[in-house]
Every structure is written in structure tokens, then in C-alpha cells.
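**Student:** Just to be clear, the model below is a prediction. Sequence and coordinates:
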There are 2 protein chains.
Amino acid sequence: MKNIFAVLCASPLFAGINSGDFAAMMACLGAHTKAYEKGETICFEGDTVSEIGLVVSGRLHLVKGDIWGNVSIVNEITPPDMFAEAVVCGGLGRLPVSVLAKENSEVLFIDYQRIATACASSCAFHPKLIRNMIQILAQKNILMAAKMEHITKRSIKEKLLSYLMEQARQNSSKAFDIPFNRQELADYLSVERSALSAEMSRLKARGIIDYQKNHFKLLKEN
Amino acid sequence: MKNIFAVLCASPLFAGINSGDFAAMMACLGAHTKAYEKGETICFEGDTVSEIGLVVSGRLHLVKGDIWGNVSIVNEITPPDMFAEAVVCGGLGRLPVSVLAKENSEVLFIDYQRIATACASSCAFHPKLIRNMIQILAQKNILMAAKMEHITKRSIKEKLLSYLMEQARQNSSKAFDIPFNRQELADYLSVERSALSAEMSRLKARGIIDYQKNHFKLLKEN
DNA sequence: CCATTTTTGTTGTTAATCCAACCGAAATGT
DNA sequence: ACATTTCGGTTGGATTAACAACAAAAATGG
């Protein structure tokens, strides 16, 4: 086993908490680790879970099976990512995915109730932990809402412009760099890479945008 | 002004809090209401905000302007909906939308810091309020993630089947009712209604699904 | 510097979606 | 029961995207 505390330090959930407090905190939260071998299933789709999982080492896949048994990978998560936090914090929900160990992995489980409820000794880190959790959930909301805004557009052109305008806004400038290459951008907008390239060329030819590599400029409409 | 407390009772943020405590709570949170006339702008896109808004009466629109000045309505919110909660709870973010009063409206503003930080008199409702906020954000996460799962699919057929399979899962049955009519379902999946209808007919003809009105059945593949 | 790999753009074909228009069935209101 | 409105399905033509295959450009690794 690796040093768990090093992973915790990197986790947004434990941001701003003194690493000297980690040992006491783990005890207070009743956190426990479990090791899984490559190929093992950690939780099954539909399970009712009450603990948040934090990947300490290894690599997990969140997979979703359709009603006929075909499975697809929803996400890959690696230290210090969490899983199941939305379902657990949202209450009354069952896991929408199965969680598999793609490599030998170690997972730290934390009972949400013991985060959310002040303990008898009212440890100092509780409030911070809760604020961290709120922040994590809220930021994920913002990211998803932004992506949704782009993806719900009907054409590649609109999706792309929606994305680029958001980037321009964030950079407070009509010229900016984007953090994706073409394939990644296509995946993010869920369109074909070549179709995206073609659309970009057309927009450039029409003088609506300009770009070289990852640097973009928004020009006038028409 | 209407009875604010009646609205608060209906708000998930204040679920489980004794309505007798509302007056003291409002004082403790430093909550304050403000009235807006139809057409007034409540906040501008890009504003840095620290208070959550809760619609007490009236009707607001969240609108987004593109870089060339065209605006589109992102959402309509009515009592007892909140706005700006993700940006405020996520910290360091600026409002991604402008908020306009479409009718004469009243908004209750609540400083997030005063929710998240225990007050000197450590009121009993603070922990409940925080857990409610976590639950709201987490449930929104789950809803958005589910929708994302469907919308990222490349074809109408895949989007539809992804949605129907999720419904089947939630009902633990291959036969179930959906809460949308055709237009609403098309909007949710962000596709054309008529194209959706056509695809549904094809899937029915091929024996993959069956339906009448809002009642659906998933049959065998092929 | 050269060879290799990765990334990006282009093109033509095929397939899917949009869009507008229309019709019939069902629901609604009087 | 009748008129009216809403809703769902269908159709055909225009538009758009996917897909596959390839070429050019850029990055990478000796």
C-alpha cells in the first residue's frame, strides 16, 4: 500500500486540512480502505451505497450495462478521484454504474453521514470537510451545465461556437487558447473529429473565426 | 408581498425545518428580500455574486448573450426555485447568465457564508440547511449526469434507447410510463420531434420497442 | 537531420437529421 | 354532440453529419 495521506493531500475533499490531522480524522470518520485485484467488481449497478469511495491507488472503470447486457465505459478514475459521491450525498439513490478495478487498486471508503454529522468531540475539520464537499458538487454542476449548454445545440457549428464563446468569456478576450486538441474537442462536444475540422475550416473561410492550432479568435458575424 | 414562509416551506433548501423557526432563521442568515419590476435585470452575466437567490413571487428568466449580443433563454424559474446557488457554493465563479424579471417579482437573497458557517448562537437549523444544500447539489448532479449520458449519444435511436433503458432501470421493469409527451421528450433529448417520432416508429416496426402514448415496453434486440 | 508517429485538414459517399407541411386521432371546452 | 385545439405520426426535399480513406503538416524520438 502506498501512502494514503499523500493521496488525501491531493484530494479536493481534504483541501485545507492540516495533514497532521489526517490520522485522527480517518479514525473519526470511520474511514477504511479495501484492496481489490485487477478485474474485481467493487460495486454493482443498482447497489444502494452509503459510503463515498476515494481511489488511493490503481485505476477503476465506471461501466454501464444496457438492458441486453452490453457494457460501455462511462469514466475512468484514478487517484485521488472519488466515486459515488453524488449518489450518496443525494440520498435515496442507487448507483447508476458498476465500478470495476482495472488494475490492482485500493479504495478508501468514507461514510457520508459521519462527514455531515458533527461528532461528539466536534472535530475542527468537520465544517471544512462539508464546505469542501459542497464546493466539489457545485463546481461539478457548473462544469456539467456548461457542457450541456454546448451539447444541446443542434449543429456542429452551433456547438463549436457555443464552446468558443464560453472560452472567450472566461478569458475576457476574443482571442484565447483552448485546452483540447481536435480529437478531444470533438469528444467533448460529442461530434466526429473530421466533421468538426471541416466545420472549423468553413467558419474560418467565412471570416467568423480564425485559429492556428489551439489558438482561436472570434471575429465578426457574417 | 406574499407570505414568504409559505414559499420557504415548499423549498427543498428549507425542507425539514420547523416553520416556527423561520423568522429567527431569516434573521440569523441575514436574509433580505428585494422586489423587482417586470423587465428589470436582477444580475448581469459575469457578476461576482455571494448570495443565493430564491424566487418568492413572480417569474424570472436566466438568459445568456452570445458575443455578438444575441440573447437566448436558458431557463425560467418560479417560486420556490433558486438561482446562482452553484456559482456561489462553487466559489470563485462568475454568473454564467443574466437574471431578468419577466413579471413583477420578489427575490429572497441569502448569503452562502452564513449558511455554511455556524453562527455564534449555533442555531439548530444550520446543520440541516447544509445537508439540504448538499442534497440539492448532488441530486442536480445526478439528473444532469443522466441527461448527459443520453445526449452524448450520436443518433436519435441511441439517445432514445439510452433514455428508455434508464427509465426501465428506475422502474425495475421493461414496461413503464414516461413523464414526457413527444415534444417534451424531443426537447429533453435535444432532437426534432418529428424525427423522434419517425425513429420510434422504425424501432417499433423492427420489434425493438413497443409503445402506446406514454407507455413503453423494451423488447428483444433485433 | 531523418524516420516515425501523431495530429489536423480534405474529400466524396452514405446515412441521418432537420424542417415544413400535412393529416388524423385524441383531448378539451362549450 | 360539435367545434376547437393539442398531440402524434408521416412524408419528401434540403441540409448536415458520419464515415472512411487519404494527404499534409507538425511533433517526437532517436
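**Tutor:** Okay, I see it.

**Student:** What values do phi and psi take at residue A:41?
**Tutor:** Backbone geometry at residue A:41, expressed as degrees, to the nearest 10, gives phi -100, psi 130.

**Student:** no, scratch that, I was asking about residue A:82
**Tutor:** phi -110, psi 160.

**Student:** So what pairs up with it in the strands?
**Tutor:** residue A:54 (DSSP bridges).

**Student:** How about the contacts made by it?
**Tutor:** A:11, A:13, A:52-55, A:136 (CB atoms under 8 Å, 6 or more residues apart in numbering or on different chains). Bear in mind the C-beta positions are built from the backbone N, C-alpha and C, glycine included.

**Student:** pLDDT on the lengthiest helix in chain A, on average?
**Tutor:** For chain A, the helix with the greatest residue count under DSSP state H is helix A:125-151. Mean pLDDT, computed over helix A:125-151, is 94.

**Student:** hang on, the earlier thing: by neighbours, which of the contacts of residue A:82 wins?
**Tutor:** Using other CB atoms under 10 Å in any protein chain shown as the neighbour test, the contacts of residue A:82 are led by residue A:54, with 26 neighbours.

**Student:** re earlier: what angle separates the longest helix of chain A from helix B:125-151?
**Tutor:** Computed by axes from the mean of the first three to the mean of the last three CA atoms, to 10 degrees, the angle separating helix A:125-151 from helix B:125-151 equals 30 degrees.

**Student:** Pull out the buried positions in helix A:125-151.
**Tutor:** Within helix A:125-151, the residues scored as buried using 16 or more other CB atoms under 10 Å in any protein chain shown are A:125-141, A:144-145, A:147, A:149-151.

**Student:** try stretch A:15-24
**Tutor:** A:17, A:22.

**Student:** Same check on stretch A:69-86?
**Tutor:** A:74, A:77, A:79-86.

**Student:** Format those residues as TSV; extra columns: distance to DNA strand D and pLDDT.
**Tutor:** Output for these, formatted as TSV (distance: CB to the nearest atom of the strand, whole Å; pLDDT from 0 to 100):
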residue	distance to DNA strand D	pLDDT
A:74	19	90
A:77	25	93
A:79	24	93
A:80	26	94
A:81	25	95
A:82	31	97
A:83	29	97
A:84	31	96
A:85	31	96
A:86	28	97
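
**Student:** Just to be careful, could you list which of the residues you listed are in helices?
**Tutor:** Using DSSP H, these in helices are A:85-86.

**Student:** quick one: low-confidence ranges for chain A?
**Tutor:** Residue ranges of chain A with pLDDT under 70: A:1-2, A:120, A:122, A:221-222.

**Student:** Outline the domain layout of it.
**Tutor:** A:4-125, A:153-218 (automatic domain parsing).

**Student:** Of all those, which one is nearest residue B:218?
**Tutor:** Nearest to residue B:218, of all the domains of chain A, is domain A:4-125, at 5.7 Å by CB to CB.

**Student:** interface residues of chain A facing DNA strand C?
**Tutor:** A:154, A:181-183, A:193-194, A:197-198, A:200-201, A:211, A:213-214 (CB under 7 Å from any atom of the strand).

**Student:** Let me know the closest of these to residue B:97.
**Tutor:** Nearest member of those to residue B:97, counting by CB to CB, is residue A:154, at 20.3 Å.

**Student:** Run a quick neighbour tally on the spatially closest residue to the closest one that is not a sequence neighbour.
**Tutor:** The spatially closest residue to residue A:154, leaving aside those adjacent along the chain, is residue B:190, at 6.9 Å (CB to CB, 6 or more residues apart in numbering or on different chains). Neighbour count for residue B:190, taken as other CB under 10 Å: 15.

**Student:** I'm done for today, thanks for sticking with me.
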